[in-house]
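**Q** Whatever this is, show me its structure:
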Amino acid sequence: MRIPDIAFYDTFIKYDRLREKDIDRYTRELASGKKILTPSDSPVDNVRSLRFKKLTDDIQAFNRNIDLVKTNLEIAEGTLGDIVDTSQEARVEIVNLLNTGVFDWEDAQIFADYLQSTRDYIINRANVSVGKSRLFGGVKSQQDPFDTRGIYQGEFVDTTVPVAPGVELNTTFIGKDFLGTIPSGVWNDANGDGNVDTDEVQHKIGVVKAIDDILQIIDDGDLHKLDGYYSDMGYNSETDTVVGSGESGTLTITYGTSAISVDYDDTTTLQDLVDAINNSPDNQDEDGNPLVEAYVFKDKDGVYRLGVLGQSPDVKISFEDSSGSLQKRIGEMRRVLETFDQGFEGVSRYRSIIGTQINVADSIKELNLQQEVEYSNLVSKLEDADYAGVIADLEKSKTAYEALLAVIAQNKDLSLLNYFR
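**A** As a prediction, this is how the structure comes out:
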């Protein structure tokens, strides 16, 4: 029986392609360093590799966000630090003023110039920006968050970016909170719900508000009123009614052990309230001298506020509004130094919050880098070629291919006639 040449040729072609395919694959594995050259090589390992690569890409994006966030956080923390340091220096001078007063008009002007430069510096720092983005304006970052009065005009929503799954850090900040603002101006119940909503009052930097009140008192020449208590908010005029239509109540002023109570309703003006306090029969000591002096205080922003000065600055004064209708419109009553301290503490508190966020950013980035290395190692185990093993397989395939060629060469001309002599 004679084996056709075509059968030898088909066998040669079959095994030639198999050996060439093996050699080509091992050669490409060595050249690329990868053992998964196409998804079909190992579908399961390929899916796992793609998943780890996606996680690595996410981590790299998180780390880029951290670099951006940390820059903003460090600038914001430094800015608040500058404001804290400046405020601390100003507070020392204010305490000295309250304890010793000023000697003459020239001293008063020198002190007023110092306070003016301090409040301007604080407002300027509060409007700090990175590029064209103001840090303390919330999402409204394209204009100064604080006007020249120190009143917040930014948004009440901040911007954040993700730095890890479920973790976001600030890129801008709500200046109303971070600059220790205090309600100011005239309440405007825009939605008519009877509640003092965030967007219905102005918010002024607390330190600046206290400094402005001191400057106004110096300008008025009534330095003894530095020990007075002042309402946070007020009215457009001393003839404005103190509460809205249908509202009424009783304001009780406690001076030491004495209580001074005055009634008000929707016809009572600010000046009427002041007169009622001053003329109250409860407002006098045993010698008939007034325990407290009430007055209308017009601040530097043109707002008419309630002021109350005690007979002795060492006696604490407290205020209680029976219905809350009056307090909604005038806010809290406090001394200028208390207003200063409240604003200062607000800045200090949020400075600490930013410091905490910086530490969080550092810790998360370190963790992200560790995870990135781990995922890269896993991808390497799935994809990277074993060079020693691939070289051995390549040599085996070359040897098998050479043997195939030799076998074909020896058997391609076989015939029984070759054995007849």
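**Q** Going along the chain, name the helices of the stretch 151-300 of the chain.
**A** Taking DSSP state H, counting those that start in this stretch as the test, the helices found in the stretch 151-300 of the chain are 175-178, 206-220, 270-279.
**Q** Could I get the ones you listed in a markdown table, plus columns for mean neighbour count?
**A** Placement of C-beta: from N, CA and C, glycine included. Compiled in a markdown table, the helices of the stretch 151-300 of the chain are given as follows (neighbours: other C-beta atoms under 10 Å):
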| stretch | mean neighbour count |
| --- | --- |
| helix 175-178 | 25 |
| helix 206-220 | 23 |
| helix 270-279 | 18 |
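**Q** Distance check, Gln370 against Gly166.
**A** As judged by C-beta to C-beta, to the nearest Å, Gln370 and Gly166 stand 18 Å apart.
**Q** So between these two, which is more surrounded?
**A** Gln370 (11 against 6; other C-beta atoms under 10 Å).
**Q** on that earlier part again, can you lay out the helices of the stretch 151-300 of the chain as TSV showing mean pLDDT and distance to Asp67?
**A** Output for the helices of the stretch 151-300 of the chain, formatted as TSV (pLDDT from 0 to 100; distance: least, C-beta to C-beta, whole Å):
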stretch	mean pLDDT	distance to Asp67
helix 175-178	96	22
helix 206-220	95	32
helix 270-279	98	54
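**Q** For Ser318, which of the ones you listed is the nearest?
**A** Comparing the helices of the stretch 151-300 of the chain by their distance to Ser318 (C-beta to C-beta), the top pick is helix 270-279, with 14.1 Å.
**Q** same for the closest one, what does it pack against?
**A** Secondary-structure packing of helix 270-279 (3 or more C-beta pairs under 8 Å, 6 or more residues apart in numbering; DSSP states H and E): strand 249-255, strand 258-264, strand 292-298, strand 304-310.
**Q** Restrict it to CA atoms and write it as PDB.
**A** Presented in PDB, the C-alpha positions along helix 270-279 are these (Å, rounded to 0.1, in the frame of the first residue of the first chain):
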ATOM      1  CA  LEU A 270     -37.500 100.300  69.300                       C
ATOM      2  CA  GLN A 271     -37.500 103.700  70.900                       C
ATOM      3  CA  ASP A 272     -40.600 102.900  72.900                       C
ATOM      4  CA  LEU A 273     -38.900  99.700  74.200                       C
ATOM      5  CA  VAL A 274     -35.900 101.700  75.300                       C
ATOM      6  CA  ASP A 275     -38.000 104.300  77.100                       C
ATOM      7  CA  ALA A 276     -40.100 101.600  78.800                       C
ATOM      8  CA  ILE A 277     -36.900 100.000  80.100                       C
ATOM      9  CA  ASN A 278     -35.500 103.300  81.400                       C
ATOM     10  CA  ASN A 279     -38.800 104.400  82.900                       C
END
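**Q** can I get the helices of the stretch 151-300 of the chain in JSON lines with distance to Gly194?
**A** Below are the helices of the stretch 151-300 of the chain laid out as JSON lines (distance: least, C-beta to C-beta, whole Å):
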{"stretch": "helix 175-178", "distance to Gly194": "22"}
{"stretch": "helix 206-220", "distance to Gly194": "25"}
{"stretch": "helix 270-279", "distance to Gly194": "20"}
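**Q** Relative to Ile253, which of these is closest?
**A** Ile253 sits nearest to helix 270-279 of all the helices of the stretch 151-300 of the chain, at 6.7 Å, using C-beta to C-beta.
**Q** can you pull out the strands in this structure?
**A** Counting by DSSP state E, the segments of the chain that form strands are 129-130, 133-134, 160-164, 167-170, 181-184, 202-205, 229-231, 249-255, 258-264, 292-298, 304-310, 317-321, 333-335.
**Q** Tell me which of those sits most buried.
**A** strand 202-205 (a mean of 27; mean count of other C-beta atoms under 10 Å).
**Q** Which other helices and strands does that one contact?
**A** helix 105-126, strand 181-184.
**Q** CA atoms only for it - export them in CSV, please.
**A** C-alpha atoms of strand 202-205 as CSV (Å, rounded to 0.1, in the frame of the first residue of the first chain):
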residue,chain,number,x,y,z
GLN,A,202,-26.8,88.6,57.3
HIS,A,203,-23.8,86.9,58.7
LYS,A,204,-20.9,89.0,59.8
ILE,A,205,-17.4,87.9,60.9
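**Q** neighbouring contacts of that strand?
**A** Residues outside strand 202-205 that contact it (C-beta atoms under 8 Å, 6 or more residues apart in numbering): 122-123, 126, 146, 149-152, 176, 179-185, 301, 343.
**Q** Quick check: which ranges of the stretch 101-250 of the chain have low pLDDT?
**A** The stretch 101-250 of the chain contains residues with pLDDT under 70 at 101-103.
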